[in-house]
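**Student:** Compute the structure for the input listed below.
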Amino acid sequence: MKEINFKNILNPSQYKAVTTLEGPLLVVAGAGTGKTRVIEYRVLNLILSGVKPSSILLLTFTRKASREMIDRASCHNKLCQQVEGGTFHSFAYKIIKQYRKVLGFKNNISFLDEADSADALHLLSTKLGFLDRKIRFPKKNTLKNIISMSINRSVNITTVLEKDCPHFLDLKGDIEKLHKAYIDYKVNHLFIDYDDMLLYLKFLLERDEILEKISSRFSYIMVDEFQDTNKLQAEIVYLLGKIHQNVMVVGDDTQSIYSFRGAYYKNMFEFPKRFANCKILKLEHNYRSTQPILDVANATIEGEKQKYTKVLFTVNKEGVMPELNFFKDSQREADFIANKIKQLYDQGIEFSSIGVLYRSNHNSLPLQLALSRLDIPFIVYGGIRFVETAHVKDVLSFVKVLQNKHDELAWNRILMLLEGVGPRTAEKIYQCILNSHSLDVAFKEFLSDKKFSKELKRLLKLFHKFKDKDLNITSRLRLIKDFYFPIMKKKFDNYHLRSDDLRSLIQISSEYRTVEEFLVDFVALEAPERSMVDMFQKKSDERPIVLSTIHSAKGLEWEAVFIISLMEGCLPVSYSLEDEESIEEERRLLYVAVTRAKSRLFLSMHNQGQNGGIFSFNRLSRFINEKKVLDKLHIDYKKFEKQKDDYDLVESVDVNQDDSATLRRLYDYFDY
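**Tutor:** Model (predicted):
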């Protein structure tokens with residue numbers, strides 16, 4: 001093996017992190033600063049310094065991440081393959097198996113996966129009589145998530161319900177009772193679930209004799225993505241390093257965006273307090289983005305209240321200034337982006353090198369339609385395509401039967417939504433619809449059945465309203481939403497979030513004159529392979545662009561990035577506005593989105609929105625509407641002046657003064 005000169009292959013900050021081998025170390029690694037490289041070479045340096053590979057423990061959030069880092073280090077020295085690497089849970093399982101008798105497990109441990117846990121909770125809910133009441137009780141997966149969040153956040157059930165499921169707060173006593181029954185069930189059957197692994201590992205590490213044995217075996221601890229650890233995982237890290245203090249954690253507090261999974265970003269600030277002699281190193285040299293993009297990122301995160309201050313920089317000082325564009329409505333925003341993507345493609349940027357990011361999936365609906373119209377292939381990360389979600393398919397079924405009375409699949413979906421109607425009854429009703437000249441006649445013989453007559457009458461009343469020829473597609477969708485909402489409320493525990501999708505659907509419908517035109521675009525979206533197949537036939541190696549929630553985009557990068565719907569209520573999302581910590585996380589979300597871009601960055605918002613059928617005016621996101629951020633963005637003042645009437649603005653903008661004062665006046669228009 002060739003001798004490695006770390007100074008020649010690492011920048012000064014990376015070198016310091018790689019060569020600091022003893023004692024506690026916190027590496028604050030900014031986006032794109034090469035943290036994987038640091039872990040790779042630090043593993044290598046430890047082994048070259050005489051440390052046994054088997055005494056090094058590398059904890060990550062995915063097996064893939066640990067494998068990649070160890071494999072990269074092994075390219076330099078095969079001994080690196082002997083390093084113990086894996087997730088917190090895989091490590092916990094190994095230790096639990098080793099000390100199972102201490103925990104009371106005499107034989108092999110039976111493991112409950114996520115589905116098993118949910119099924120057990122459903123079984124216990126039935127036994128406790130919670131499902132026999134008229135009161136709505138959470139579904140099994142929701143119950144599993146509530147209990148899991150309680151453990152991962154180290155808070156009680158009530159706190160979880162207050163933050164994530166306030167509509168179930170009245171049931172907190174029952175859910176707490178269920179949680180206790182679930183614990184008893186696991187103990188009695190010698191089961192452990194995914195969350196128990198961390199709890200039992202912590203319990204074992206708190207026993208001095210066991211901690212000494214594990215500490216002597218693993219004398220060097222390394223943890224990746226420390227900002228994403230929850231409180232329980234952080235406690236495990238503190239215990240693992242308690243005796244020898246040789247703990248290095250790598251993370252970026254400004255990229256902590258997973259609090260909904262239990263991640264606790266303050267672990268980054270707690271670590272130096274738990275280890276008195278902790279050294280703190282910052283990685284700020286970015287290898288991904290141009291300086292103009294980094295300038296926007298730095299300005300965006302500057303307003304965060306608690307952070308490790310760092311300023312990302314790059315050797316590549318040149319680059320196109322990021323753009324901020326305004327549009328009258330979401331449709332114009334989507335059309336602009338679709339055409340811009342086509343333009344970038346024509347300039348030589350592959351589709352797969354382009355990413356479109358947004359806060360919530362419903363923000364992407366107009367763009368999905370615009371891309372389909374231009375035959376641009378796309379794939380959706382962080383959720384399924386908009387029209388493939390169950391609640392949207394339900395609503396579209398009503399629209400389909402308005403267009404085609406004989407649509408069997410649509411009628412079956414509608415009828416099966418009605419309480420008391422099963423597959424056989426749905427088939428009988430459908431046959432009557434086929435053989436009758438009106439729904440009144442078709443439904444007549446079924447209206448006497450008390451099991452579903454009430455719902456069937458409600459459905460009939462809805463279709464009577466549709467007879468009004470003056471109703472446009474938007475008005476019809478509002479009626480459908482009103483009919484469907486109580487059904488959606490029973491069908492989905494997260495109905496309050498799905499309502500946003502239906503509001504987007506209604507807003508988009510205002511662009512269409514007829515039901516037929518509306519369905520043509522949505523049917524195209526329901527067959528996603530069509531446009532992709534066409535494109536692949538033209539260029540067999542072509543991959544689609546990515547539409548992604550920002551949460552699902554972390555760790556990814558693209559040559560060109562579009563961040564859309566940058567308005568108050570979208571980013572920051574409306575339900576975060578009353579919680580300062582949630583607002584701070586929304587700011588970090590924007591920072592993560594900006595730092596995904598390599599060379600081109602486009603930010604955009606649309607001014608005109610719709611809430612409950614009433615048109616409203618959106619305000620630019622508070623994170624963009626800051627002087628230090630605005631100064632780093634290119635805005636086409638003349639284009640804005642041209643659109644002024646569309647925005648209902650009465651004052652003019654001085655388009656000859658491209659300075660921050662003019663910019664500030666421009667944004668004042670959005671602060672009604």
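
**Student:** How about the contacts made by L417?
**Tutor:** Applying CB atoms under 8 Å, 6 or more residues apart in numbering, one finds that L417 lies in contact with 394, 484, 487, 491. Quick note: C-beta positions are derived from backbone N, CA and C, even for glycine.

**Student:** would TSV of the residues you listed with neighbour count be doable?
**Tutor:** Rendered in TSV, the data for the contacts of L417 read as follows (neighbours: other CB atoms under 10 Å):
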residue	neighbour count
D394	21
Y484	21
I487	17
K491	15
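
**Student:** Now go through those and say which are in helices.
**Tutor:** Mapping the contacts of L417 onto helices (DSSP state H) picks out 394, 484, 487, 491.

**Student:** And the furthest pair within those residues?
**Tutor:** Greatest spacing in these, by CB to CB: Y484 and K491 (9.3 Å).

**Student:** okay, and the common contacts of these two?
**Tutor:** 391, 417.

**Student:** Could you verify my assumption that L131 touches P138?
**Tutor:** No - in this structure L131 lies outside contact range of P138 using CB atoms under 8 Å: 10.4 Å.

**Student:** for this protein, which strand is longest?
**Tutor:** Scanning the chain for the strand with the most residues, using DSSP state E, yields strand 597-606.

**Student:** Just the CA trace of it, in PDB.
**Tutor:** In PDB, the C-alpha atoms belonging to strand 597-606 read as follows (Å, rounded to 0.1, in the frame of the first residue of the first chain):
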ATOM      1  CA  ALA A 597     -28.100  23.200  -6.600                       C
ATOM      2  CA  LYS A 598     -24.700  23.000  -8.300                       C
ATOM      3  CA  SER A 599     -24.800  25.800 -11.000                       C
ATOM      4  CA  ARG A 600     -28.300  27.100 -11.500                       C
ATOM      5  CA  LEU A 601     -31.000  28.000  -9.000                       C
ATOM      6  CA  PHE A 602     -34.500  29.300  -9.600                       C
ATOM      7  CA  LEU A 603     -36.800  30.500  -6.900                       C
ATOM      8  CA  SER A 604     -40.400  31.300  -7.500                       C
ATOM      9  CA  MET A 605     -43.800  32.200  -6.000                       C
ATOM     10  CA  HIS A 606     -47.300  32.800  -7.300                       C
END
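
**Student:** Show me how far that strand is from its chain's centre.
**Tutor:** Between the mean C-alpha point of strand 597-606 and the mean C-alpha point of its chain there is a distance of 19 Å (CA atoms, centre = their mean, to the nearest Å).

**Student:** Quickly run through the sheet partners of it, with directions.
**Tutor:** The pairing partners recorded for strand 597-606 under DSSP bridges are strand 323-327 (parallel), strand 558-563 (parallel).

**Student:** then the last one to CSV, C-alphas only?
**Tutor:** The C-alpha atoms that make up strand 558-563 are tabulated as CSV, following Å, rounded to 0.1, in the frame of the first residue of the first chain:
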residue,chain,number,x,y,z
TRP,A,558,-28.6,18.5,-9.2
GLU,A,559,-27.0,20.8,-11.7
ALA,A,560,-30.2,23.0,-11.8
VAL,A,561,-32.7,23.3,-9.0
PHE,A,562,-36.1,25.0,-9.0
ILE,A,563,-37.7,25.8,-5.6
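
**Student:** got a list of contacts for that strand?
**Tutor:** 337, 340-341, 344, 349, 353-358, 546, 590, 593-594, 596-604.

**Student:** let's see it at 6 Å
**Tutor:** Contacts of strand 558-563 with the rest of the structure, by CB atoms under 6 Å, 6 or more residues apart in numbering, involve 337, 344, 349, 353-357, 593, 596-603.

**Student:** Equivalent analysis for the first one, please.
**Tutor:** Under the criterion CB under 6 Å, 6+ apart, residues 333, 602-604, 606, 633-635 lie in contact with strand 323-327.

**Student:** so which of those comes closest to D579?
**Tutor:** Comparing the contacts of strand 323-327 against D579 with CB to CB places L603 closest, at 24.6 Å.

**Student:** Show me what the helix or strand encompassing A65 is packed up against.
**Tutor:** In this structure, A65 sits in helix 63-74 according to DSSP states H and E. With contacts defined as 3 or more CB pairs under 6 Å, 6 or more residues apart in numbering; DSSP states H and E, helix 63-74 has these neighbours: helix 35-48, strand 84-87.

**Student:** same thing but 7 Å
**Tutor:** On a contact count with 3 or more CB pairs under 7 Å, 6 or more residues apart in numbering; DSSP states H and E, helix 63-74 meets helix 35-48, strand 56-60, strand 84-87.

**Student:** which one of these lies closest to L312?
**Tutor:** Short answer: helix 35-48, nearest of the helices and strands packed on helix 63-74 by CB to CB, at 13.0 Å.

**Student:** So for the closest one, mean pLDDT?
**Tutor:** Helix 35-48 carries an average pLDDT of 92.

**Student:** cool, stretch 464-476 as well?
**Tutor:** If you average the pLDDT values across stretch 464-476, you get 87.

**Student:** Check which helix or strand the spatially most central residue of the chain maps to.
**Tutor:** Centroid check for the chain by CA atoms, centre = their mean gives H551 as the closest residue, at 3.5 Å. Following DSSP H and E, the helix or strand that holds H551 is helix 550-553.

**Student:** For that helix, which helices and strands make contact with it?
**Tutor:** In terms of contacts (3+ CB pairs under 7 Å, 6+ apart), helix 550-553 is packed against strand 354-358, helix 580-594.

**Student:** Single out the most deeply packed of the ones you listed.
**Tutor:** With neighbours defined by mean count of other CB atoms under 10 Å, none of those is more surrounded on average than strand 354-358, at a mean of 25.

**Student:** Okay, now the sheet partners of that strand, with direction.
**Tutor:** The pairing partners recorded for strand 354-358 under DSSP bridges are strand 545-549 (parallel), strand 558-563 (parallel).
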